[in-house]
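S.K.: return atomic coordinates for the entry below.
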Amino acid sequence: MGEEEVVQKRQKAVVLVLRAAALLATAAATIVMALNKETRTFVVATVGTTPVTASITAKFQQTPANVFFVIANAMASNHNLMMIGSDLFGIDYRGFKLPLVAILDMLNAALLSAGVHGAAFMAQLAKNGNSHARWNEICDKFQGYCNRGGIAILASYVGLLVTLGITVVSIVKLLKPKPQPQPLASEIEVP
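M.R.: Numbering: from 1, shown residues only. The predicted structure is shown next:
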């Protein structure tokens, strides 16, 4: 086995490990946010001496940014799973593998970035509220919901950072010049 083959195998192993890490991070973010739900009972009024209570549920489906977060992370997980399968089984896409993978990796990074940043904005709003719009914070009432949302956002940021690393590796592979075949001694013309 030549030195170049050893380097290529190491690069392939590094990319597989990075893709597995991105898959785990984005899948964890998807599952944690998709299962994020908390119900609390509050006293809303008192009639005489009898308290009137209401149960309020906070769930991720109530915020479109969180729904997009779950979809984006699920798609990123699916992309990494397909790319791992492609690398393991050697699928070549008729010679277009490197450009196609680089483009898909960039799209995956953009999608994941949009999802995590939208959810992070909504988390900041849930934590601090907005006095100008008269939106109250909810994290003082639904601590578990906000903590699980924060964990999902953190996992997604880890997935995004690893995905950006994968994207850089994909682009470097694409731009790497291919070695030119050396002419045989019989093909060299001597003047």
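S.K.: quick one: low-confidence parts of the protein?
M.R.: 1, 92-95, 177-191 (pLDDT under 70).
S.K.: helices along the chain, start to end?
M.R.: 3-34, 64-89, 97-128, 143-175 (DSSP state H).
S.K.: I'd like these as JSON lines, with distance to residue 57 and mean neighbour count appended.
M.R.: To be clear about C-beta, it is placed using only N, CA and C from the backbone, and glycine gets the same treatment. Shown next, in JSON lines, are the helices of the chain (distance: least, CB to CB, whole Å; neighbours: other CB atoms under 10 Å):
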{"stretch": "helix 3-34", "distance to residue 57": "15", "mean neighbour count": "17"}
{"stretch": "helix 64-89", "distance to residue 57": "14", "mean neighbour count": "19"}
{"stretch": "helix 97-128", "distance to residue 57": "14", "mean neighbour count": "18"}
{"stretch": "helix 143-175", "distance to residue 57": "9", "mean neighbour count": "19"}
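S.K.: which among those is found nearest to residue 56?
M.R.: Closest approach to residue 56 among the helices of the chain is made by helix 143-175 (10.8 Å; CB to CB).
S.K.: elements contacting the closest one?
M.R.: With contacts defined as 3 or more CB pairs under 8 Å, 6 or more residues apart in numbering; DSSP states H and E, the packing partners of helix 143-175 are helix 3-34, strand 37-47, helix 64-89, helix 97-128.
S.K.: neighbouring strands of the shortest one in the sheet, and parallel or not?
M.R.: Applying DSSP bridges to the sheet, strand 37-47 is found paired with strand 50-59 (antiparallel).
S.K.: ok and the partner strand relative to helix 3-34, angle-wise?
M.R.: Inter-element angle recorded for strand 50-59 and helix 3-34: 160 degrees (by axes from the mean of the first three to the mean of the last three CA atoms, to 10 degrees).
S.K.: for residue 54, see how far away the nearest residue to residue 81 once chain neighbours are set aside is.
M.R.: The shortest distance from residue 81 to any non-neighbouring residue, by CB to CB, 6 or more residues apart in numbering, is to residue 23 (5.9 Å). From residue 23 across to residue 54, the span is 41 Å (CB to CB, to the nearest Å).
S.K.: residue 82 now?
M.R.: The gap separating residue 82 from residue 54 is 46 Å, by CB to CB.
S.K.: ok, now residue 110?
M.R.: Residue 110 is 41 Å from residue 54, by CB to CB.
S.K.: repeat for residue 80
M.R.: 43 Å.
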